[in-house]
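Colleague: Sequence below, structure please.
(one chain, ligands or ions: 2)
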Amino acid sequence: MSATDAEIVPILVSTTVDCQVHCTSALRADEESDGSSSDDIRLVPDVTFEPVPDSPGINRESQPLLGTIDVTYNHFPDDPLFNDLVSNAETAIDNGIYPERISQGSSGSYFVKNPEAKIIGVFKPKDEEPYGRLNPKWTKWMHKLCCPCCFGRSCLIPNQGYLSEAAASLVDTKLDLNIVPKTRVVKLVSETFNYPRIDRQKARIKRSIMEQFPNVGLRFNRIGLPPKSGSFQVYVDGFKDADHWLRRFEAEPLPAWMAQKFQLQFERLVVLDYIIRNTDRGNDNWLIKYDQPQIVTTTTNNGGGAATTGAVRGGAVATQVGLHGNTNGSLKNISRHVDLVDTTDWNLVQLPQIRIAAIDNGLAFPYKHPDSWRGYPYHWAWLPQAKVPFSREIRDLVLPHLGDMNFVQDLCDDLHLLFKQDKGFDKGLFERQMSVMRGQILNLTQALRDGKSPVQLVQMPAVVVEKSQGQHTSRFFNFTQRFQDKSPFFSWC
Ligand SMILES: Nc1ncnc2c1ncn2[C@@H]1O[C@H](COP(=O)(O)OP(=O)(O)O)[C@@H](O)[C@H]1O
Ligand SMILES: [Mg+2]
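Modeller: Ligands and ions are numbered 1, 2, ... in the order given. Below is the predicted model of the structure:
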């Protein structure tokens, strides 16, 4: 959108701290200057890799052999659970248990396994993304070749889907939404990934030289195939595509209290998608887990090992498994309780659970609002749940954060750290992505305060909140709110 078709509304008049981010925003100026003046997107160079910032000085080029992975490479000291998961995946690959390509979808995505061959993650290499150079799904490649005018989504930075995946997880964690399975940028190497023939030939030749002339071989920087950067998302068990359950719920409506639980989860999905301006939230790109009520009669011994499921006499306990691969303490407490009681017949009553997992977040964080809402609607907006005003629970969860300008700036700073690791990172485009996101946060904050519903939210006019140039002191930025002079992205029809 050009400046001429927008209404310019300066929204910051002073740098006094007023936590209403939507009307007065004064943010830290310890970043780079705004480079967003150009409206033309510079096409980002195709696939190239750089060491990620959390492994400074480490050169993966010197990894000795295929599958022998330098453990310092994928290192997440702030997240031991995720760290262990990735290290399990590396061990599995070392032992010949390779990631397996997922047949559905439009890109090269892989189920990653642990040494017991159990699926533990979903890895999406940057260079196998829908428009990445090595995307194994040829139809997409043909589409790009034959129809360049329709190439991808023009509002998104091409070939940075892996960052968008990790960034969605970051937003989820910061807002405590707990609906995105933990996703971070990881490097993996596997024979099953799509490599150009030349890479495979080079690896073969070097390996045979290494075997025959070890002294010469020692001079090679790397023997095996090159590692690929991509997003690694924790695999969530027991979930099915939302489509499946939504159809079931139409035929067999949920009990009222369960429908209420679902509503609260649904609102978290709306908050996430709206903030990141997801352009690809079809009902195949979120998952639902619904454990229907079950009553099983069984016998257990005092202190015996059988009573490990959630059960108490005459009551019911639901065990809660987080999306980040961790279980809460309820299971332990239950076992302790069970140990204290006599041998008896038990009614194992499993409270039904309903959970949402927001997967496939690679087509979000646009640098401008899509030109037409029709192309990229939020498909959940057609669900009956979208007509219900936002609950007090979601307001209490996110409004204190979203209404705090320091929180919003921290979020932008964290996203900057993540996005800048891409070789094609462009400061100006990043600023524009953040302007769109701030605009979304502004609308969402207002909608939550006004008690609107998700449908009313998506009907609000699109806004960008940009840093104003040249009006800031050394510590604070001014912001300008700009309305898109176009119809809203969604209308109920
Ligand atoms: N984190 C996950 N946990 C469980 N299943 C997943 C997860 N991510 C993806 N899947 C499964 O893999 C399928 C394809 O994943 P998706 O992320 O949609 O890939 P694509 O980008 O190729 O569309 C999904 O429809 C879902 O069934
Ligand atoms: Mg998908």
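Colleague: where's residue 93, which helix or strand?
Modeller: helix 80-94 (DSSP states H and E).
Colleague: Sorry, slip of the keys, the one I care about is residue 401.
Modeller: Going by DSSP H and E, residue 401 is in helix 392-402.
Colleague: Equivalent analysis for residue 290, please.
Modeller: Taking DSSP H and E as the definition, residue 290 sits inside strand 286-291.
Colleague: What strands flank that strand, and is each parallel or antiparallel?
Modeller: The pairing partners recorded for strand 286-291 under DSSP bridges are strand 240-241 (antiparallel), strand 353-358 (antiparallel).
Colleague: got CSV for those, with mean neighbour count, mean pLDDT and distance to residue 370 too?
Modeller: (Glycine included, C-beta is placed from N, CA and C.) Formatted as CSV, the strands paired with strand 286-291 follow (neighbours: other Cβ atoms under 10 Å; pLDDT from 0 to 100; distance: least, Cβ to Cβ, whole Å):
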stretch, mean neighbour count, mean pLDDT, distance to residue 370
strand 240-241, 14, 96, 24
strand 353-358, 22, 96, 19
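Colleague: The ones you listed into JSON lines, with extra columns for distance to ligand 1?
Modeller: Listed next are the strands paired with strand 286-291 as JSON lines, based on distance: least, Cβ to the nearest ligand atom, whole Å:
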{"stretch": "strand 240-241", "distance to ligand 1": "6"}
{"stretch": "strand 353-358", "distance to ligand 1": "6"}
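Colleague: quick one on the thing from earlier: quick one: buried residues of the strand holding residue 290?
Modeller: 286, 287, 288, 289, 290 (16 or more other Cβ atoms under 10 Å).
Colleague: Need the CA coordinates for the helix holding residue 93. CSV is fine.
Modeller: Provided in CSV are the C-alpha atoms of helix 80-94 (Å, rounded to 0.1, in the frame of the first residue of the first chain):
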residue,chain,number,x,y,z
PRO,A,80,16.5,-28.2,28.7
LEU,A,81,13.4,-30.1,27.6
PHE,A,82,13.7,-28.9,24.0
ASN,A,83,17.5,-29.3,24.2
ASP,A,84,17.1,-33.0,25.1
LEU,A,85,14.5,-33.5,22.4
VAL,A,86,16.8,-32.2,19.7
SER,A,87,19.7,-34.1,21.0
ASN,A,88,17.6,-37.3,20.9
ALA,A,89,16.8,-36.5,17.3
GLU,A,90,20.5,-36.2,16.6
THR,A,91,21.3,-39.5,18.3
ALA,A,92,18.6,-41.2,16.3
ILE,A,93,20.1,-39.8,13.0
ASP,A,94,23.5,-41.0,14.1
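Colleague: what does the very next helix or strand once past that helix rub up against?
Modeller: Helices and strands here follow DSSP H and E; after helix 80-94, the next one along the chain is strand 100-101. Residues from elsewhere that reach strand 100-101 (Cβ atoms under 8 Å, 6 or more residues apart in numbering): 108, 109, 110, 111, 113, 136, 192.
Colleague: Go again with 6 Å.
Modeller: Residues from elsewhere that reach strand 100-101, judged by Cβ atoms under 6 Å, 6 or more residues apart in numbering: 110, 111.
Colleague: Stretch 176-188 too?
Modeller: Contacts for stretch 176-188 (Cβ under 6 Å, 6+ apart): 73-74, 82, 86, 123, 165-166, 168-169, 172, 227, 229, 231-234, 236, 268-269, 272, 323-324, 356-358.
Colleague: Show me what counts as buried in it.
Modeller: 177, 178, 179, 180, 181, 182, 183, 184, 185, 186, 187, 188.
Colleague: Quickly note the distance from the third one to residue 277.
Modeller: Between residue 179 and residue 277 the distance is 17 Å, computed by Cβ to Cβ, to the nearest Å.
Colleague: about what we covered before: would you turn the strands paired with strand 286-291 into JSON lines with distance to residue 206?
Modeller: Shown next, in JSON lines, are these (distance: least, Cβ to Cβ, whole Å):
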{"stretch": "strand 240-241", "distance to residue 206": "43"}
{"stretch": "strand 353-358", "distance to residue 206": "41"}
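Colleague: Of those strands, which is nearest residue 450?
Modeller: strand 353-358 (24.5 Å; Cβ to Cβ).
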